[in-house]
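Asks: this one's sequence-less:
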(Lines give C-alpha, C1' and ligand atoms only; values in the text may rest on other atoms or scores of the structure.)
Protein backbone atom coordinates (compact mmCIF):
# COMPACT_ATOMS: atom_id res chain seq x y z
CA UNK A 1 0.00 0.00 0.00
CA UNK A 2 1.56 3.31 -1.01
CA UNK A 3 -0.25 6.59 -0.72
CA UNK A 4 0.61 10.23 -0.38
CA UNK A 5 -2.09 11.01 2.14
CA UNK A 6 -1.87 10.00 5.78
CA UNK A 7 -1.68 6.31 6.56
CA UNK A 8 -3.90 5.33 9.46
CA UNK A 9 -4.49 2.33 11.68
CA UNK A 10 -6.79 1.01 14.38
CA UNK A 11 -5.72 -1.14 17.33
CA UNK A 12 -8.12 -3.82 18.53
CA UNK A 13 -7.36 -5.34 21.95
CA UNK A 14 -9.22 -8.61 22.43
CA UNK A 15 -9.58 -9.95 25.95
CA UNK A 16 -11.90 -10.12 28.93
CA UNK A 17 -8.94 -9.58 31.28
CA UNK A 18 -8.53 -5.98 30.09
CA UNK A 19 -12.25 -5.20 30.39
CA UNK A 20 -12.44 -6.56 33.94
CA UNK A 21 -9.55 -4.32 34.97
CA UNK A 22 -7.51 -7.34 36.07
CA UNK A 23 -4.81 -6.66 33.49
CA UNK A 24 -3.42 -3.24 32.63
CA UNK A 25 -3.14 -2.99 28.83
CA UNK A 26 0.28 -1.81 27.64
CA UNK A 27 0.08 -3.16 24.08
CA UNK A 28 -1.80 -0.09 22.83
CA UNK A 29 0.99 2.22 23.90
CA UNK A 30 3.72 -0.08 22.51
CA UNK A 31 1.97 -0.39 19.15
CA UNK A 32 1.05 3.31 19.00
CA UNK A 33 4.65 4.43 19.59
CA UNK A 34 5.98 2.00 17.01
CA UNK A 35 3.37 2.99 14.42
CA UNK A 36 4.03 6.68 15.02
CA UNK A 37 7.74 6.08 14.40
CA UNK A 38 7.02 4.57 10.96
CA UNK A 39 4.52 7.26 9.94
CA UNK A 40 1.25 5.48 10.71
CA UNK A 41 -1.38 7.48 12.60
CA UNK A 42 -3.51 5.54 15.10
CA UNK A 43 -7.05 6.85 14.65
CA UNK A 44 -8.86 4.65 17.14
CA UNK A 45 -8.41 1.80 19.59
CA UNK A 46 -11.05 -0.56 20.91
CA UNK A 47 -11.04 -3.25 23.58
CA UNK A 48 -13.64 -5.99 23.26
CA UNK A 49 -14.33 -9.32 24.98
CA UNK A 50 -13.46 -12.81 23.70
CA UNK A 51 -16.83 -12.95 21.93
CA UNK A 52 -17.03 -14.25 18.37
CA UNK A 53 -19.82 -12.02 17.09
CA UNK A 54 -18.30 -8.92 18.62
CA UNK A 55 -14.86 -9.70 17.14
CA UNK A 56 -16.33 -10.28 13.66
CA UNK A 57 -18.52 -7.16 13.70
CA UNK A 58 -15.81 -4.89 15.09
CA UNK A 59 -13.13 -6.17 12.74
CA UNK A 60 -15.37 -5.72 9.71
CA UNK A 61 -15.90 -2.05 10.62
CA UNK A 62 -12.28 -1.28 11.47
CA UNK A 63 -10.68 -3.00 8.48
CA UNK A 64 -12.82 -0.97 6.08
CA UNK A 65 -12.21 2.35 7.88
CA UNK A 66 -8.45 2.02 8.26
CA UNK A 67 -5.37 1.25 6.18
CA UNK A 68 -4.23 -1.24 8.82
CA UNK A 69 -5.73 -3.02 11.82
CA UNK A 70 -3.63 -4.59 14.56
CA UNK A 71 -5.22 -7.04 16.97
CA UNK A 72 -3.65 -8.39 20.14
CA UNK A 73 -4.82 -11.33 22.22
CA UNK A 74 -6.72 -14.56 21.79
CA UNK A 75 -4.28 -16.55 19.64
CA UNK A 76 -3.03 -19.00 22.29
CA UNK A 77 -3.95 -22.66 22.79
CA UNK A 78 -6.83 -22.44 25.30
CA UNK A 79 -10.63 -22.45 24.89
CA UNK A 80 -10.85 -18.66 25.33
CA UNK A 81 -8.49 -18.05 22.38
CA UNK A 82 -10.93 -17.48 19.53
CA UNK A 83 -9.33 -14.67 17.54
CA UNK A 84 -8.03 -16.78 14.61
CA UNK A 85 -11.36 -18.53 14.06
CA UNK A 86 -13.27 -15.23 14.36
CA UNK A 87 -10.95 -13.51 11.86
CA UNK A 88 -11.53 -16.41 9.43
CA UNK A 89 -15.27 -15.86 9.73
CA UNK A 90 -14.96 -12.07 9.37
CA UNK A 91 -13.20 -12.60 6.02
CA UNK A 92 -15.33 -15.62 5.00
CA UNK A 93 -12.20 -17.79 4.83
CA UNK A 94 -11.65 -21.42 5.86
CA UNK A 95 -10.14 -21.94 9.35
CA UNK A 96 -7.43 -24.58 8.95
CA UNK A 97 -3.93 -25.75 9.83
CA UNK A 98 -1.24 -23.47 8.38
CA UNK A 99 1.33 -25.81 6.81
CA UNK A 100 4.38 -23.56 7.21
CA UNK A 101 3.30 -22.71 10.78
CA UNK A 102 2.94 -26.43 11.52
CA UNK A 103 6.53 -27.07 10.40
CA UNK A 104 7.85 -24.19 12.52
CA UNK A 105 6.20 -25.44 15.73
CA UNK A 106 6.99 -29.11 14.96
CA UNK A 107 10.69 -28.29 14.95
CA UNK A 108 10.36 -25.82 17.86
CA UNK A 109 9.08 -28.46 20.29
CA UNK A 110 10.84 -31.64 21.42
CA UNK A 111 9.63 -34.84 19.71
CA UNK A 112 6.20 -35.81 21.05
CA UNK A 113 5.56 -32.42 22.68
CA UNK A 114 3.70 -30.86 19.73
CA UNK A 115 0.34 -31.94 21.14
CA UNK A 116 -3.22 -31.05 20.15
CA UNK A 117 -3.32 -28.01 22.46
CA UNK A 118 -0.21 -26.60 20.83
CA UNK A 119 -1.47 -27.43 17.34
CA UNK A 120 -4.43 -25.11 17.94
CA UNK A 121 -1.96 -22.23 17.71
CA UNK A 122 -1.36 -22.83 13.98
CA UNK A 123 -5.04 -23.07 13.00
CA UNK A 124 -5.46 -19.89 10.99
CA UNK A 125 -7.49 -18.34 8.17
CA UNK A 126 -6.77 -19.90 4.75
CA UNK A 127 -3.74 -18.31 3.05
CA UNK A 128 -2.84 -16.25 6.13
CA UNK A 129 0.72 -14.88 6.10
CA UNK A 130 2.77 -15.74 9.15
CA UNK A 131 4.23 -13.16 11.52
CA UNK A 132 7.29 -14.83 12.99
CA UNK A 133 7.75 -15.04 16.76
CA UNK A 134 11.39 -14.86 17.88
CA UNK A 135 10.46 -15.25 21.58
CA UNK A 136 8.24 -18.28 21.99
CA UNK A 137 7.72 -20.05 18.68
CA UNK A 138 4.00 -19.69 17.96
CA UNK A 139 3.56 -17.21 15.08
CA UNK A 140 0.98 -14.50 14.58
CA UNK A 141 -0.60 -13.98 11.17
CA UNK A 142 -2.00 -11.42 8.78
CA UNK A 143 -4.89 -11.46 6.33
CA UNK A 144 -5.09 -8.51 3.90
CA UNK A 145 -4.72 -5.39 6.11
CA UNK A 146 -5.35 -7.14 9.45
CA UNK A 147 -2.36 -8.18 11.61
CA UNK A 148 -3.00 -10.52 14.54
CA UNK A 149 -0.50 -10.51 17.39
CA UNK A 150 -0.41 -12.24 20.78
CA UNK A 151 -1.54 -10.54 23.99
CA UNK A 152 1.55 -11.15 26.15
CA UNK A 153 3.32 -7.77 25.93
CA UNK A 154 6.94 -9.01 25.77
CA UNK A 155 6.12 -11.50 23.00
CA UNK A 156 3.98 -9.01 21.07
CA UNK A 157 6.78 -6.45 21.17
CA UNK A 158 9.36 -8.97 19.96
CA UNK A 159 7.31 -9.60 16.81
CA UNK A 160 7.09 -6.00 15.58
CA UNK A 161 10.53 -6.09 13.96
CA UNK A 162 9.27 -8.77 11.56
CA UNK A 163 6.45 -6.51 10.41
CA UNK A 164 8.58 -3.63 9.16
CA UNK A 165 8.56 -4.65 5.50
CA UNK A 166 4.83 -5.35 5.53
CA UNK A 167 3.68 -1.94 6.79
CA UNK A 168 4.15 1.08 4.55
CA UNK A 169 3.75 4.29 6.51
CA UNK A 170 3.53 7.93 5.50
CA UNK A 171 5.97 10.57 6.64
CA UNK A 172 7.02 9.98 10.26
CA UNK A 173 5.11 12.15 12.71
CA UNK A 174 7.58 14.38 14.50
CA UNK A 175 6.96 15.78 17.94
CA UNK A 176 8.42 18.31 20.33
CA UNK A 177 7.52 18.79 23.99
CA UNK A 178 7.84 21.94 26.10
CA UNK A 179 7.21 21.46 29.82
CA UNK A 180 6.28 24.50 31.87
CA UNK A 181 5.93 25.29 35.56
CA UNK A 182 2.40 26.65 35.27
CA UNK A 183 -1.24 25.55 35.20
CA UNK A 184 -3.30 25.13 32.03
CA UNK A 185 -5.69 28.00 32.73
CA UNK A 186 -2.78 30.49 32.82
CA UNK A 187 -1.78 29.68 29.25
CA UNK A 188 -5.08 28.57 27.69
CA UNK A 189 -5.80 31.82 25.82
CA UNK A 190 -2.24 32.24 24.52
CA UNK A 191 -2.17 28.63 23.41
CA UNK A 192 -5.45 29.04 21.50
CA UNK A 193 -3.91 31.97 19.60
CA UNK A 194 -0.79 29.94 18.76
CA UNK A 195 -2.96 27.05 17.55
CA UNK A 196 -4.95 29.43 15.34
CA UNK A 197 -1.69 30.72 13.80
CA UNK A 198 -0.26 27.20 13.32
CA UNK A 199 -3.09 25.13 11.86
CA UNK A 200 -0.82 22.36 10.54
CA UNK A 201 0.66 21.59 13.94
CA UNK A 202 -1.38 19.58 16.43
CA UNK A 203 -0.89 21.23 19.83
CA UNK A 204 -1.78 19.16 22.88
CA UNK A 205 -1.76 20.47 26.45
CA UNK A 206 -1.27 17.96 29.28
CA UNK A 207 -1.14 18.84 32.97
CA UNK A 208 1.17 16.68 35.08
CA UNK A 209 1.12 16.20 38.86
CA UNK A 210 3.66 13.58 39.76
CA UNK A 211 7.11 12.92 41.19
CA UNK A 212 6.74 16.08 43.25
CA UNK A 213 6.41 18.26 40.17
CA UNK A 214 3.39 20.15 38.91
CA UNK A 215 3.13 21.68 35.48
CA UNK A 216 1.92 21.44 31.92
CA UNK A 217 3.53 19.66 28.98
CA UNK A 218 2.77 21.17 25.60
CA UNK A 219 3.24 18.66 22.80
CA UNK A 220 3.63 19.78 19.18
CA UNK A 221 3.08 17.16 16.47
CA UNK A 222 3.47 17.49 12.72
CA UNK A 223 5.12 15.77 9.76
CA UNK A 224 7.03 18.99 9.12
CA UNK A 225 9.95 19.95 11.38
CA UNK A 226 10.07 23.58 10.27
CA UNK A 227 6.39 24.06 11.11
CA UNK A 228 7.08 22.62 14.57
CA UNK A 229 10.02 25.05 14.94
CA UNK A 230 7.87 28.08 14.03
CA UNK A 231 5.12 26.96 16.42
CA UNK A 232 7.71 26.35 19.15
CA UNK A 233 9.05 29.90 18.72
CA UNK A 234 5.52 31.32 19.05
CA UNK A 235 5.07 29.42 22.32
CA UNK A 236 8.45 30.46 23.72
CA UNK A 237 7.50 34.06 23.01
CA UNK A 238 4.45 34.07 25.30
CA UNK A 239 6.28 31.88 27.85
CA UNK A 240 8.95 34.58 28.11
CA UNK A 241 6.40 37.41 28.25
CA UNK A 242 4.51 35.70 31.06
CA UNK A 243 7.80 34.83 32.86
CA UNK A 244 6.87 31.15 33.02
CA UNK A 245 9.71 28.77 33.91
CA UNK A 246 10.59 25.94 31.52
CA UNK A 247 11.15 22.67 33.41
CA UNK A 248 12.58 19.21 32.74
CA UNK A 249 10.23 16.25 32.70
CA UNK B 1 -31.90 2.50 36.50
CA UNK B 2 -32.80 -0.81 38.12
CA UNK B 3 -32.79 -4.06 36.24
CA UNK B 4 -32.48 -7.72 37.01
CA UNK B 5 -30.36 -8.51 33.98
CA UNK B 6 -26.70 -7.57 33.75
CA UNK B 7 -25.83 -3.91 33.90
CA UNK B 8 -23.22 -2.93 31.34
CA UNK B 9 -21.03 0.04 30.50
CA UNK B 10 -18.63 1.36 27.90
CA UNK B 11 -15.52 3.43 28.59
CA UNK B 12 -14.57 6.15 26.11
CA UNK B 13 -11.07 7.58 26.44
CA UNK B 14 -10.76 10.88 24.59
CA UNK B 15 -7.29 12.16 23.80
CA UNK B 16 -4.63 12.33 21.11
CA UNK B 17 -1.94 11.69 23.73
CA UNK B 18 -3.12 8.10 24.22
CA UNK B 19 -3.33 7.40 20.47
CA UNK B 20 0.19 8.71 19.85
CA UNK B 21 1.53 6.38 22.55
CA UNK B 22 2.96 9.34 24.48
CA UNK B 23 0.73 8.66 27.49
CA UNK B 24 -0.01 5.20 28.90
CA UNK B 25 -3.73 5.03 29.68
CA UNK B 26 -4.49 3.79 33.19
CA UNK B 27 -8.02 5.22 33.50
CA UNK B 28 -9.56 2.21 31.74
CA UNK B 29 -8.19 -0.17 34.33
CA UNK B 30 -9.17 2.10 37.26
CA UNK B 31 -12.72 2.50 35.97
CA UNK B 32 -13.07 -1.18 35.03
CA UNK B 33 -12.02 -2.38 38.50
CA UNK B 34 -14.37 0.06 40.21
CA UNK B 35 -17.29 -0.82 37.93
CA UNK B 36 -16.68 -4.54 38.44
CA UNK B 37 -16.81 -4.01 42.20
CA UNK B 38 -20.27 -2.42 41.97
CA UNK B 39 -21.68 -5.03 39.58
CA UNK B 40 -21.30 -3.20 36.27
CA UNK B 41 -19.81 -5.19 33.37
CA UNK B 42 -17.57 -3.25 30.97
CA UNK B 43 -18.50 -4.48 27.49
CA UNK B 44 -16.24 -2.30 25.42
CA UNK B 45 -13.68 0.49 25.57
CA UNK B 46 -12.66 2.89 22.84
CA UNK B 47 -9.97 5.53 22.53
CA UNK B 48 -10.57 8.33 20.06
CA UNK B 49 -8.90 11.64 19.20
CA UNK B 50 -9.98 15.12 20.30
CA UNK B 51 -12.17 15.36 17.18
CA UNK B 52 -15.69 16.74 17.48
CA UNK B 53 -17.38 14.59 14.85
CA UNK B 54 -15.72 11.42 16.11
CA UNK B 55 -16.73 12.17 19.72
CA UNK B 56 -20.35 12.84 18.73
CA UNK B 57 -20.67 9.76 16.50
CA UNK B 58 -18.98 7.41 18.97
CA UNK B 59 -20.93 8.69 21.94
CA UNK B 60 -24.23 8.33 20.12
CA UNK B 61 -23.48 4.66 19.41
CA UNK B 62 -22.18 3.81 22.87
CA UNK B 63 -24.90 5.54 24.89
CA UNK B 64 -27.60 3.59 23.06
CA UNK B 65 -25.82 0.22 23.36
CA UNK B 66 -24.92 0.49 27.04
CA UNK B 67 -26.57 1.24 30.38
CA UNK B 68 -23.75 3.65 31.21
CA UNK B 69 -20.95 5.40 29.34
CA UNK B 70 -17.92 6.88 31.10
CA UNK B 71 -15.68 9.32 29.25
CA UNK B 72 -12.31 10.58 30.42
CA UNK B 73 -10.34 13.51 29.04
CA UNK B 74 -10.95 16.77 27.25
CA UNK B 75 -12.72 18.77 30.00
CA UNK B 76 -9.89 21.14 30.93
CA UNK B 77 -9.43 24.81 30.01
CA UNK B 78 -7.31 24.60 26.82
CA UNK B 79 -8.22 24.69 23.11
CA UNK B 80 -7.89 20.89 22.77
CA UNK B 81 -10.51 20.30 25.50
CA UNK B 82 -13.68 19.83 23.42
CA UNK B 83 -15.50 17.03 25.23
CA UNK B 84 -18.20 19.15 26.94
CA UNK B 85 -19.14 20.97 23.74
CA UNK B 86 -19.16 17.71 21.75
CA UNK B 87 -21.36 16.00 24.35
CA UNK B 88 -23.79 18.95 24.15
CA UNK B 89 -24.00 18.48 20.38
CA UNK B 90 -24.40 14.69 20.69
CA UNK B 91 -27.47 15.23 22.87
CA UNK B 92 -28.70 18.30 20.95
CA UNK B 93 -28.41 20.43 24.11
CA UNK B 94 -27.25 24.02 24.58
CA UNK B 95 -23.60 24.46 25.63
CA UNK B 96 -23.58 27.04 28.41
CA UNK B 97 -22.22 28.13 31.79
CA UNK B 98 -23.34 25.81 34.61
CA UNK B 99 -24.51 28.13 37.40
CA UNK B 100 -23.75 25.82 40.32
CA UNK B 101 -20.38 24.93 38.78
CA UNK B 102 -19.62 28.64 38.38
CA UNK B 103 -20.24 29.23 42.11
CA UNK B 104 -18.02 26.29 43.07
CA UNK B 105 -15.06 27.52 41.04
CA UNK B 106 -15.63 31.17 41.98
CA UNK B 107 -15.18 30.29 45.64
CA UNK B 108 -12.38 27.76 44.90
CA UNK B 109 -10.10 30.39 43.34
CA UNK B 110 -8.67 33.50 44.98
CA UNK B 111 -10.47 36.75 44.07
CA UNK B 112 -9.56 37.78 40.51
CA UNK B 113 -8.11 34.36 39.61
CA UNK B 114 -11.30 32.89 38.13
CA UNK B 115 -10.31 34.03 34.64
CA UNK B 116 -11.77 33.25 31.21
CA UNK B 117 -9.55 30.16 30.75
CA UNK B 118 -10.80 28.72 34.04
CA UNK B 119 -14.41 29.62 33.25
CA UNK B 120 -14.25 27.35 30.19
CA UNK B 121 -14.22 24.43 32.65
CA UNK B 122 -17.81 25.09 33.73
CA UNK B 123 -19.25 25.41 30.23
CA UNK B 124 -21.39 22.27 30.01
CA UNK B 125 -24.47 20.83 28.34
CA UNK B 126 -27.74 22.43 29.54
CA UNK B 127 -29.06 20.79 32.74
CA UNK B 128 -25.94 18.66 33.20
CA UNK B 129 -25.51 17.23 36.70
CA UNK B 130 -22.19 18.00 38.35
CA UNK B 131 -19.70 15.34 39.44
CA UNK B 132 -17.81 16.94 42.30
CA UNK B 133 -14.02 17.07 42.27
CA UNK B 134 -12.42 16.80 45.74
CA UNK B 135 -8.89 17.14 44.33
CA UNK B 136 -8.70 20.20 42.11
CA UNK B 137 -12.02 22.04 42.08
CA UNK B 138 -13.25 21.76 38.48
CA UNK B 139 -16.20 19.36 38.39
CA UNK B 140 -17.09 16.69 35.84
CA UNK B 141 -20.69 16.26 34.71
CA UNK B 142 -23.29 13.78 33.60
CA UNK B 143 -26.09 13.92 31.04
CA UNK B 144 -28.57 11.02 31.13
CA UNK B 145 -26.40 7.86 31.14
CA UNK B 146 -23.15 9.57 30.10
CA UNK B 147 -20.60 10.50 32.79
CA UNK B 148 -17.74 12.80 31.83
CA UNK B 149 -14.58 12.69 33.93
CA UNK B 150 -11.17 14.35 33.59
CA UNK B 151 -8.18 12.62 32.03
CA UNK B 152 -5.62 13.13 34.83
CA UNK B 153 -5.66 9.73 36.56
CA UNK B 154 -5.34 10.88 40.19
CA UNK B 155 -8.13 13.45 39.79
CA UNK B 156 -10.37 11.03 37.87
CA UNK B 157 -9.97 8.42 40.60
CA UNK B 158 -10.78 10.90 43.37
CA UNK B 159 -14.15 11.63 41.75
CA UNK B 160 -15.47 8.07 41.62
CA UNK B 161 -16.64 8.12 45.24
CA UNK B 162 -19.12 10.87 44.36
CA UNK B 163 -20.69 8.67 41.67
CA UNK B 164 -21.69 5.79 43.91
CA UNK B 165 -25.29 6.89 44.37
CA UNK B 166 -25.74 7.64 40.68
CA UNK B 167 -24.70 4.23 39.32
CA UNK B 168 -26.92 1.25 40.04
CA UNK B 169 -25.13 -1.99 39.32
CA UNK B 170 -26.23 -5.60 39.18
CA UNK B 171 -24.81 -8.31 41.39
CA UNK B 172 -21.07 -7.81 41.96
CA UNK B 173 -18.96 -9.99 39.70
CA UNK B 174 -16.89 -12.30 41.89
CA UNK B 175 -13.59 -13.75 40.78
CA UNK B 176 -11.08 -16.35 41.87
CA UNK B 177 -7.58 -16.87 40.48
CA UNK B 178 -5.51 -20.07 40.46
CA UNK B 179 -1.90 -19.64 39.36
CA UNK B 180 -0.07 -22.71 38.10
CA UNK B 181 3.55 -23.55 37.27
CA UNK B 182 2.77 -24.84 33.79
CA UNK B 183 2.25 -23.66 30.22
CA UNK B 184 -1.14 -23.15 28.59
CA UNK B 185 -0.82 -25.98 26.09
CA UNK B 186 -0.41 -28.55 28.92
CA UNK B 187 -3.80 -27.67 30.39
CA UNK B 188 -5.77 -26.47 27.34
CA UNK B 189 -7.78 -29.68 26.81
CA UNK B 190 -8.60 -30.15 30.50
CA UNK B 191 -9.63 -26.52 30.79
CA UNK B 192 -11.96 -26.83 27.78
CA UNK B 193 -13.71 -29.76 29.52
CA UNK B 194 -14.09 -27.78 32.74
CA UNK B 195 -15.50 -24.80 30.80
CA UNK B 196 -18.01 -27.11 29.08
CA UNK B 197 -19.13 -28.43 32.49
CA UNK B 198 -19.35 -24.93 34.04
CA UNK B 199 -21.12 -22.78 31.46
CA UNK B 200 -22.08 -20.05 33.94
CA UNK B 201 -18.50 -19.37 34.98
CA UNK B 202 -16.27 -17.36 32.64
CA UNK B 203 -12.87 -19.08 32.66
CA UNK B 204 -9.91 -17.05 31.41
CA UNK B 205 -6.40 -18.41 30.94
CA UNK B 206 -3.48 -15.96 31.08
CA UNK B 207 0.18 -16.90 30.72
CA UNK B 208 2.62 -14.85 32.78
CA UNK B 209 6.36 -14.41 32.23
CA UNK B 210 7.64 -11.88 34.68
CA UNK B 211 9.53 -11.32 37.92
CA UNK B 212 11.48 -14.50 37.19
CA UNK B 213 8.33 -16.62 37.25
CA UNK B 214 6.64 -18.42 34.39
CA UNK B 215 3.19 -19.88 34.59
CA UNK B 216 -0.50 -19.57 33.86
CA UNK B 217 -3.18 -17.76 35.86
CA UNK B 218 -6.66 -19.20 35.53
CA UNK B 219 -9.32 -16.64 36.39
CA UNK B 220 -12.88 -17.71 37.25
CA UNK B 221 -15.59 -15.03 37.12
CA UNK B 222 -19.27 -15.30 38.00
CA UNK B 223 -21.94 -13.55 40.06
CA UNK B 224 -22.40 -16.82 41.96
CA UNK B 225 -19.78 -17.87 44.53
CA UNK B 226 -20.94 -21.50 44.74
CA UNK B 227 -20.61 -21.89 40.98
CA UNK B 228 -17.05 -20.54 41.24
CA UNK B 229 -16.35 -23.03 44.05
CA UNK B 230 -17.59 -25.99 41.98
CA UNK B 231 -15.56 -24.88 38.95
CA UNK B 232 -12.50 -24.36 41.16
CA UNK B 233 -12.82 -27.93 42.50
CA UNK B 234 -12.98 -29.27 38.93
CA UNK B 235 -9.78 -27.43 38.08
CA UNK B 236 -7.95 -28.55 41.23
CA UNK B 237 -8.86 -32.14 40.31
CA UNK B 238 -7.00 -32.11 37.00
CA UNK B 239 -4.19 -30.03 38.50
CA UNK B 240 -3.61 -32.77 41.07
CA UNK B 241 -3.88 -35.56 38.48
CA UNK B 242 -1.31 -33.84 36.27
CA UNK B 243 0.91 -33.09 39.30
CA UNK B 244 1.04 -29.38 38.42
CA UNK B 245 2.35 -27.06 41.13
CA UNK B 246 0.15 -24.23 42.40
CA UNK B 247 2.15 -20.99 42.77
CA UNK B 248 1.72 -17.57 44.33
CA UNK B 249 1.42 -14.57 42.06
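Replies: Great, that's in hand. Only a predicted model underlies this, so the values are computations on that prediction, with no experimental measurement involved.

Asks: Three-state assignment for residue A:187, please.
Replies: helix (DSSP: H, G, I helix; E, B strand; the rest coil).

Asks: ah, wrong one, I meant residue A:171
Replies: coil.

Asks: show me what contacts residue A:71?
Replies: A:11-14, A:59, A:83, A:87, A:146-149 (C-beta atoms under 8 Å, 6 or more residues apart in numbering or on different chains). Backbone N, C-alpha and C define where each C-beta goes, glycine included.

Asks: can you tell me which of the residues you listed are buried?
Replies: Among those, the ones that count as buried by 16 or more other C-beta atoms under 10 Å in any protein chain shown are A:11-14, A:59, A:83, A:87, A:146-149.

Asks: okay, and the residue positioned nearest the centre of chain A sits in which element?
Replies: With distances taken as C-alpha atoms, centre = their mean, residue A:31 lies nearest the centre of chain A, 3.0 Å away. Using DSSP states H and E, residue A:31 maps to helix A:27-37.

Asks: how far does the helix or strand of chain A with the lowest mean pLDDT sit from the chain's center?
Replies: Every helix and strand in chain A was compared by mean pLDDT, DSSP states H and E; the lowest is helix A:116-119, with a mean of 86. Here helix A:116-119 is found 29 Å from its chain centre; the criterion is C-alpha atoms, centre = their mean, to the nearest Å.

Asks: go through that helix and flag the buried ones.
Replies: Buried, per 16+ other C-beta under 10 Å, within helix A:116-119: A:117-119.

Asks: which strands and helices sit next to the longest helix along chain A?
Replies: For chain A, the helix that runs over the most residues, judged by DSSP state H, is helix A:225-241. Judged by 3 or more C-beta pairs under 8 Å, 6 or more residues apart in numbering or on different chains; DSSP states H and E, helix A:225-241 is in contact with strand A:174-181, helix A:184-197, strand A:215-222.

Asks: out of these, flag the one nearest chain B.
Replies: helix A:184-197 (3.4 Å; C-beta to the nearest C-beta).

Asks: that closest one packs against which elements?
Replies: So helix A:184-197, by 3+ C-beta pairs under 8 Å, 6+ apart, packs with strand A:202-208, strand A:215-222, helix A:225-241, helix B:116-119.

Asks: and the angle from that helix to strand A:174-181?
Replies: Counting by axes from the mean of the first three to the mean of the last three C-alpha atoms, to 10 degrees, helix A:184-197 lies at 150 degrees to strand A:174-181.

Asks: any idea how far helix A:184-197 is from the chain center?
Replies: On C-alpha atoms, centre = their mean, the centre of helix A:184-197 falls 30 Å from that of its chain.

Asks: which residues touch that helix?
Replies: For helix A:184-197, using C-beta under 8 Å, 6+ apart, the contacting residues are A:180, A:201, A:203, A:205, A:207, A:216, A:218, A:231, A:234-235, A:238-239, A:242, A:244, B:76-80, B:115-118, B:120-121.

Asks: can you rerun that using 7 Å?
Replies: A:203, A:205, A:207, A:216, A:231, A:234-235, A:238, B:76-79, B:115-118, B:120 (C-beta atoms under 7 Å, 6 or more residues apart in numbering or on different chains).

Asks: repeat for stretch A:97-110
Replies: Taking C-beta under 7 Å, 6+ apart as the rule, stretch A:97-110 contacts A:114, A:118, A:121-124, A:128, A:130, A:137-139.

Asks: how far off centre is that stretch?
Replies: 28 Å.

Asks: and it, which residues are buried?
Replies: A:98, A:101, A:104-105.

Asks: would you turn those residues into CSV with pLDDT, secondary structure and distance to residue B:169?
Replies: Formatted as CSV, the buried residues of stretch A:97-110 follow (pLDDT from 0 to 100; DSSP: H, G, I helix; E, B strand; the rest coil; distance: C-beta to C-beta, whole Å):
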residue, pLDDT, secondary structure, distance to residue B:169
A:98, 97, coil, 43
A:101, 96, helix, 43
A:104, 95, helix, 46
A:105, 94, helix, 44
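
Asks: domain assignment for chain A?
Replies: Per automatic domain parsing, the domain ranges recorded for chain A read A:7-163, A:174-246.

Asks: which one of those domains is the most hemmed in?
Replies: domain A:7-163 (a mean of 20; mean count of other C-beta atoms under 10 Å in any protein chain shown).

Asks: now the terminal residues of that one, how far apart.
Replies: 16 Å (C-alpha to C-alpha, to the nearest Å).

Asks: now residue A:230. Nearest residue, chain neighbours left out?
Replies: residue A:198 (6.7 Å; C-beta to C-beta, 6 or more residues apart in numbering or on different chains).
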